[in-house]
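*Asks:* Sequence plus predicted model, see below.
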Amino acid sequence: MMQIAPTASCGPIRDGKVINVIERLHSNRRFPESGGPRFAADPDPEAFAEYGFSIHPEQGDLIYLLCRGMRAKRVVDFATSIGMSALYFAAAMRDNGGGQVIGAELVASKAEVARGNLAAAGLDAYVDIRVGDARETLWDLGGAVDFALIDGWPGGEGPSLARQIAETLAPQIRRGGYILNDNAEPDFLDFIRDPKNGFISMTLPIKRGTELALKVG
């Protein structure tokens with residue numbers, strides 16, 4: 001039996017304006033013939049500026065539900081890309097009665113597209129997208145964070161970007177807060193599963209493996 005991919009209308013968000021933007025982004029999802037940055041020898045983000053690599057609907061629904069359940073008020077969206085994950089975060093902030101999504105995006109043109117998508121959904125007032133290197137723009141968030149998505153860009157040799165961002169954000173995540181990781185980079189998993197870093201985590205059977213970590217220390 002053929003399986004039909006889930007759409008935003010099957011999820012927990014009930015605002016038709018938000019659902020329409022999410023479904024438009026999903027229906028327009030496309031990938032480069034090369035297979036994307038993970039298959040490039042030198043994955044320059046600017047070379048893939050016209051492609052919106054985004055989370056899947058199940059990941060977005062999970063973000064929304066967890067943020068609603070914990071009454072999240074300050075969250076981090078890395079990387080924002082064209083705004084798919086930011087839409088789920090911002091919908092939760094609004095439905096929680098207010099809050100802020102701190103986005104991080106290296107490619108300025110993608111940040112502009114994201115702002116347009118958020119405005120179309122009526123959610124742009126809840127999101128601050130910081131353009132530049134996230135290792136700098138997320139270094140000091142000015143207070144505790146409830147939830148962070150780490151959906152990093154593949155790098156070359158050395159620590160992955162996901163690992164570096166995890167190390168940047170970990171001290172800023174409040175006890176009881178979450179980190180959600182999309183791509184299960186091995187060195188990110190090493191960091192988040194090391195008890196001395198203050199997290200416990202599990203791998204969820206979503207996409208290629210989605211890691212959900214809870215800060216307990």
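*Replies:* Done, it's in.

*Asks:* hey, let's count contacts and neighbours off CA atoms from now on
*Replies:* Fine.

*Asks:* In the protein, what residue spans correspond to helices?
*Replies:* 16-27, 57-69, 84-95, 108-120, 134-137, 161-169, 186-192 (DSSP state H).

*Asks:* Present the ones you listed as CSV; the columns should include mean pLDDT.
*Replies:* Shown next, in CSV, are these (pLDDT from 0 to 100):
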stretch, mean pLDDT
helix 16-27, 96
helix 57-69, 97
helix 84-95, 98
helix 108-120, 97
helix 134-137, 98
helix 161-169, 97
helix 186-192, 97
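
*Asks:* Indicate which one of those is closest to Ile150.
*Replies:* helix 161-169 (6.2 Å; C-alpha to C-alpha).

*Asks:* Comparing the helices of the chain, which comes out most buried?
*Replies:* Across the helices of the chain, averaging neighbours per residue (mean count of other C-alpha atoms under 10 Å) puts helix 84-95 on top, at a mean of 26.

*Asks:* got the CA positions of that one in CSV?
*Replies:* Output in CSV follows, covering the C-alpha atoms of helix 84-95 (Å, rounded to 0.1, in the frame of the first residue of the first chain):
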residue,chain,number,x,y,z
MET,A,84,10.1,26.2,8.1
SER,A,85,11.3,25.4,11.7
ALA,A,86,10.8,29.1,12.7
LEU,A,87,7.1,28.8,11.7
TYR,A,88,6.5,26.0,14.1
PHE,A,89,8.5,27.7,16.9
ALA,A,90,6.7,31.1,16.3
ALA,A,91,3.3,29.4,16.2
ALA,A,92,4.0,27.9,19.6
MET,A,93,5.3,31.2,21.0
ARG,A,94,2.1,33.0,19.9
ASP,A,95,-0.2,30.2,21.2
